[in-house]
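# please work out how this folds:
(chains A and B)
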2 protein chains.
Amino acid sequence: MTESVMGYEIEESKAFVETFTLEPKGAGALDGLRFAVKDLIDLGGHKTSCGNPNWRDTHPVAAANAVCVDQLLFAGAECIGKTITDELAFGLNGENFFYGTPLNPKAPDRVPGGSSSGSASAVACGKVDFALGTDTGGSVRVPASNCGIFGMRPTHGRISVAGVNPLAPTFDTVGVLACTYEVLANAVTVLLARDIPSNVEIRAVHLLEEAFATCDAEVSDALAGPVDMIKDVFPGRVREASLRDIGEAASESGLKGWYHIYCHLQWAEIWSCLGAWVEDTKPEFGPRTRVNFELVKNMDRDTAVKAVRQRELYFSLLQDFLGPNDLLCMPTAPMLAPIKGTLGGDRTVGDYYPRTLSMTAIAGIGRLPQVTLPVGNVEGVPVGLSLLAGQGRDTFLLAAAQLLMSKCQRR
Amino acid sequence: MTESVMGYEIEESKAFVETFTLEPKGAGALDGLRFAVKDLIDLGGHKTSCGNPNWRDTHPVAAANAVCVDQLLFAGAECIGKTITDELAFGLNGENFFYGTPLNPKAPDRVPGGSSSGSASAVACGKVDFALGTDTGGSVRVPASNCGIFGMRPTHGRISVAGVNPLAPTFDTVGVLACTYEVLANAVTVLLARDIPSNVEIRAVHLLEEAFATCDAEVSDALAGPVDMIKDVFPGRVREASLRDIGEAASESGLKGWYHIYCHLQWAEIWSCLGAWVEDTKPEFGPRTRVNFELVKNMDRDTAVKAVRQRELYFSLLQDFLGPNDLLCMPTAPMLAPIKGTLGGDRTVGDYYPRTLSMTAIAGIGRLPQVTLPVGNVEGVPVGLSLLAGQGRDTFLLAAAQLLMSKCQRR
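Predicted coordinates for the structure are as follows:
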């Protein structure tokens, strides 16, 4: 199948594992829209590879669509295929050893980001209006930011994960990547099964100091204009906030503390979910994935149990800090999408992952919804800005983002 | 291994799939306590059968403990074995075609209830201080009520399900069954990783009219005394409430409406999670389980998608209704534990399941925590009374239940 939209062929995008057509099963808010599905989410009658050929070969054909896929089909959307994911969704790179690296069309020498790499690429290349991804530690938000598109991670537990392969269930969510804000909002509200309120009152927009400070200067510079625009749109309600404002305990180790809590708990859950298959199958992994699974296998479980306590403490501090009409604002990622092929070894372990996850961990630990908006760039390389809201305040967050985007567009 | 506590041998309880000892990995709030684990929850180095021999034989040995198990071991508890579950945790009966029916020691001619049947039996027979179960549609609450012990289903998403086989992730929770309120509270707070507040203010206890009306007269009669005691303990704050108070939309079809929403969504998720294995393995099932899987396989997915919308509407109405210092009170189950061997066929399909699930669905749809307290009986056959609190108000609920139990004991 070859088809050209916005200049890219399906093959050029390198986003797809497989293309085919699943017709809409109904009509509704998504009539006429086309979507793709991360190959971690079941489509009935197809194998789900989870980005690893041994996984594909040791698991049966999916008997049914994931519930989230059926929600979209019954709302009128058409599915055109399965998109590449980092192996087992464990990674933020977007370079799959077996399936390749989907194109980041706005920065072709850079990675699309992962693990929902193919979903981000398919949207950015104009092959679909939106795509389903999953986000455990940033796997929707980071590739959306890297590829210059819209993305949302919902409140944990609000969108069904039935038929979605687990990575770390405490953090796993199904999210959406989309070409426009309107499409994002339409697809997410279908999945949330709730409408966006027509009027929202924003009490405060908290700019998280440590998150801006963690970024490369070019990233924070690129977001200075968009942040000023937020100050114009919500006059008098935008303020600086630090981790200390969230709570003394939550600021002791800075954002690094959030990173450690997130990783320790995620690693333990990954091994609890996937360890049996790894030990039994002894699959071939790409080099980075192999190292990552050694890491989670050998981690001290006591550390993970302590991380649960810290996580629930931080969660509760965030609950108290972030009022129902508040937003948190921060860059989506601390640096530009890395150049392809540079993410092996020390740079990954020592810098890229800790800095990125320390920012994406906040929504994970807080069970919070987060949208990333493609409002900045550095010489054409996309930079995303994120808004977060309180737990369960997904439609409020969408309404607030809508207000912002519509005012931005009017300028 | 044979050992007698409270008159029952391990064998007599018929609660265990396997017994062994996992020593504590640390010391803490659960020092000296012994627990058992439902055989749906991984213990590293052991096979998890999920109550079905074909499942056991087609899945590898667990590589790690479920995170929730490690939390308990690091808090000082000792695990003594794996307990029987209904097949794949799909059922409330407690009669497993392959593994047998664990003893309900207070009513030996009756079922223990399921699907956490062995966990309830092991606690009620005095073999352990507490046990881990899972609760999707009542699988901790119903067997706890049937066996005359304490049980808690937490807020959805608050206790890690990593290493726990999914049934319907939208509703799946890990819960605890215990011999005393104190043990229940200690074990649950370890899992929640949060402490119980020392003081709580109860604003209102809502007695849900439709739930009491759904019960057999002997059940509501048995709970009249305990309900009067609640009125004494919380004077002026106990009131009748109906589904209409929760919301007009949530009362249109009575509790039956809640039952239908719950079932339709649960069935779709079960097929999305387990259908591939069922189609690929063609396992031998017990007769009831076989019928149940035919049902979920053949259900109309459109009905499930509509159920998601209804679920989120009812959820939101419950959120608005149930204030942070409110409790909802209802019987845990509408009838006494059924006599063993009577749950096949029409009675199950036409009466027991719809009535029971219409009551247990409320916590599922509302993502709410619920405790069942063994405060009633009909000629010695146990009857549980339930308290529910708002989403995330788990430690508040435990504190409120503690207040009630301590005042009851002082009388």
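
# the stretch 51-200 of chain A: strands as residue ranges?
For the stretch 51-200 of chain A, the strands defined by DSSP state E, counting those that start in this stretch occupy A:78-83, A:130-135, A:150-153, A:173-178.

# secondary structure element for the residue in the stretch 201-350 of chain A that chain B sits nearest to?
Proximity of the stretch 201-350 of chain A to chain B (C-beta to the nearest C-beta) peaks at A:Gly275, 3.0 Å away. For every residue, glycine as well, the C-beta is placed using N, CA and C. Assessed by DSSP states H and E, A:Gly275 sits inside helix A:254-281.

# helices or strands up against that helix?
Packing contacts for helix A:254-281, counted by 3 or more C-beta pairs under 8 Å, 6 or more residues apart in numbering or on different chains; DSSP states H and E, involve helix A:209-214, helix A:248-251, helix A:287-298, helix A:301-321, helix A:353-366, helix B:67-74.

# what's the closest of those to B:Ile10?
Within those, the stretch nearest B:Ile10 is helix B:67-74; the backing value is 19.8 Å (C-beta to C-beta).

# contacts for the closest one, please.
Contacts with helix B:67-74, where a contact means C-beta atoms under 8 Å, 6 or more residues apart in numbering or on different chains, come from A:170, A:265, A:268-269, A:272, A:301-302, A:304-305, A:308, B:22-26, B:28, B:30, B:35, B:37, B:41-43, B:65, B:79, B:132, B:159-164, B:174, B:187, B:190-191, B:193.

# filter those residues to the buried ones?
For the contacts of helix B:67-74, a burial check counting by 16 or more other C-beta atoms under 10 Å in any protein chain shown picks out A:170, A:265, A:268-269, A:272, A:301, A:304-305, A:308, B:22, B:24-26, B:30, B:35, B:37, B:41-43, B:65, B:79, B:132, B:159-164, B:174, B:187, B:190-191, B:193.

# how is chain A partitioned into domains?
Listed domain ranges for chain A are A:4-192, A:204-370+A:384-410 (source: automatic domain parsing).

# re the thing from before, tabulate the strands of the stretch 51-200 of chain A (CSV), appending mean pLDDT.
Shown next, in CSV, are the strands of the stretch 51-200 of chain A (pLDDT from 0 to 100):
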stretch, mean pLDDT
strand A:78-83, 98
strand A:130-135, 98
strand A:150-153, 98
strand A:173-178, 98
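
# low pLDDT regions in chain A?
Residues of chain A meeting the criterion pLDDT under 70: A:1-7, A:345-348, A:410-411.

# show me the residue sitting in the middle of it in space.
A:Val140 (1.8 Å; C-alpha atoms, centre = their mean).

# nearest residue to that residue other than its sequence neighbours?
A:Gly175 (3.5 Å; C-beta to C-beta, 6 or more residues apart in numbering or on different chains).

# show me the beta-bridge partners of the one you found.
A:Gly133 (DSSP bridges).

# picking that back up, how far off helix B:67-74 does the helix holding A:Gly275 point, in degrees?
Taking axes from the mean of the first three to the mean of the last three C-alpha atoms, to 10 degrees, helix A:254-281 and helix B:67-74 form an angle of 110 degrees between their directions.

# correct me if wrong: A:Thr214 contacts A:Ser358.
Yes - under the criterion of C-beta atoms under 8 Å, A:Thr214 makes contact with A:Ser358 at 6.4 Å.

# which neighbours do the two share?
A:Leu255.

# of the domains of chain A, which stretch is the most buried?
Neighbour counts (mean count of other C-beta atoms under 10 Å in any protein chain shown) averaged over each of those peak at domain A:4-192, with a mean of 25.

# give me the nearest residue to A:Pro226, chain neighbours excluded.
Excluding the flanking residues, the one nearest A:Pro226 by C-beta to C-beta, 6+ apart is A:Val375, at 4.1 Å.

# quick check: buried residues in the host helix or strand of that neighbour?
Assigned by DSSP H and E, A:Val375 belongs to strand A:370-378. Burial within strand A:370-378, assessed by neighbour count using 16+ other C-beta under 10 Å, is assigned to A:Gln370, A:Val371, A:Thr372, A:Leu373, A:Pro374, A:Val375, A:Gly376.

# for whatever residue of the stretch 1-150 of chain A ends up closest to chain B, give me its contacts.
Nearest residue of the stretch 1-150 of chain A to chain B: A:Ala63, at 3.0 Å (C-beta to the nearest C-beta). Contacts for A:Ala63 (C-beta under 8 Å, 6+ apart) come out as A:Gly44, B:Trp271, B:Ser272, B:Gly275, B:Ala276, B:Val278, B:Glu279, B:Lys297.

# got the residues of the stretch 1-150 of chain A near chain B?
Counting by C-beta under 8 Å from any C-beta of the partner chain, the residues of the stretch 1-150 of chain A close to chain B are A:25-26, A:42, A:59-67, A:70-71, A:74.

# report the two of those separated the most.
A:Gly26 and A:His59 (29.1 Å).

# returning to what we had before: between the contacts of A:Ala63, which is closest to A:Asp394?
Closest to A:Asp394 out of the contacts of A:Ala63 is B:Ser272 (22.0 Å), distances taken as C-beta to C-beta.

# check contacts around that closest one.
Contact analysis of B:Ser272 by C-beta under 8 Å, 6+ apart lists A:Asp42, A:Ala63, A:Ala64, A:Asn65, A:Ala66, A:Val67, A:Ala162, A:Gly163.

# quick check: A:Lys14 touching A:Gly100?
Yes - using C-beta under 8 Å, A:Lys14 is in contact with A:Gly100, at 5.4 Å.

# coming back round to it: gap between the residue nearest to the centre of chain A and B:Phe35?
Separation of A:Val140 from B:Phe35 (C-beta to C-beta, to the nearest Å) stands at 38 Å.

# go on, A:Cys179?
Taken as C-beta to C-beta, the spacing of A:Cys179 relative to B:Phe35 amounts to 51 Å.

# show me which pair in the buried residues of strand A:370-378 is furthest apart.
Largest separation among the buried residues of strand A:370-378 by C-beta to C-beta: A:Gln370 and A:Gly376, giving 16.4 Å.

# these two touch, right, A:Leu243 and A:Lys256?
No - A:Leu243 is beyond contact range of A:Lys256, at 10.6 Å (criterion: C-beta under 8 Å).

# return the residues of the stretch 201-350 of chain A in contact with chain B.
Counting by C-beta under 8 Å from any C-beta, the residues of the stretch 201-350 of chain A near chain B are A:265, A:268-273, A:275-280, A:297, A:301-302, A:304-305, A:308-309, A:311-313, A:316, A:319.

# thinking again about what came up before, what does the strand holding A:Val375 contact?
Strand A:370-378 has contacts (C-beta under 8 Å, 6+ apart) with A:106, A:141, A:144-145, A:148-153, A:181, A:184, A:218-219, A:221-223, A:225-226, A:229, A:332, A:336, A:363, A:382-388, A:397-398, A:401, A:404-405, A:408.

# for the closest residue to A:Glu23 other than its chain neighbours, what are its contacts?
Among residues not flanking A:Glu23 along the chain, A:Glu78 sits closest, at 6.1 Å (C-beta to C-beta, 6+ apart). The contact partners of A:Glu78, taken as C-beta under 8 Å, 6+ apart, are A:Thr21, A:Leu22, A:Glu23, A:Pro24, A:Leu33, A:Arg34, A:Phe35.

# could you redo those residues as JSON lines and give each row distance to A:Glu95?
JSON lines is the format used below for those (distance: C-beta to C-beta, whole Å):
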{"residue": "A:Thr21", "distance to A:Glu95": "28"}
{"residue": "A:Leu22", "distance to A:Glu95": "28"}
{"residue": "A:Glu23", "distance to A:Glu95": "33"}
{"residue": "A:Pro24", "distance to A:Glu95": "33"}
{"residue": "A:Leu33", "distance to A:Glu95": "29"}
{"residue": "A:Arg34", "distance to A:Glu95": "26"}
{"residue": "A:Phe35", "distance to A:Glu95": "24"}
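
# including secondary structure and distance to B:Leu328, could the residues you listed go into TSV?
Converted to TSV, those look like this (DSSP: H, G, I helix; E, B strand; the rest coil; distance: C-beta to C-beta, whole Å):
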residue	secondary structure	distance to B:Leu328
A:Thr21	strand	47
A:Leu22	strand	41
A:Glu23	coil	43
A:Pro24	coil	40
A:Leu33	coil	40
A:Arg34	strand	44
A:Phe35	strand	39
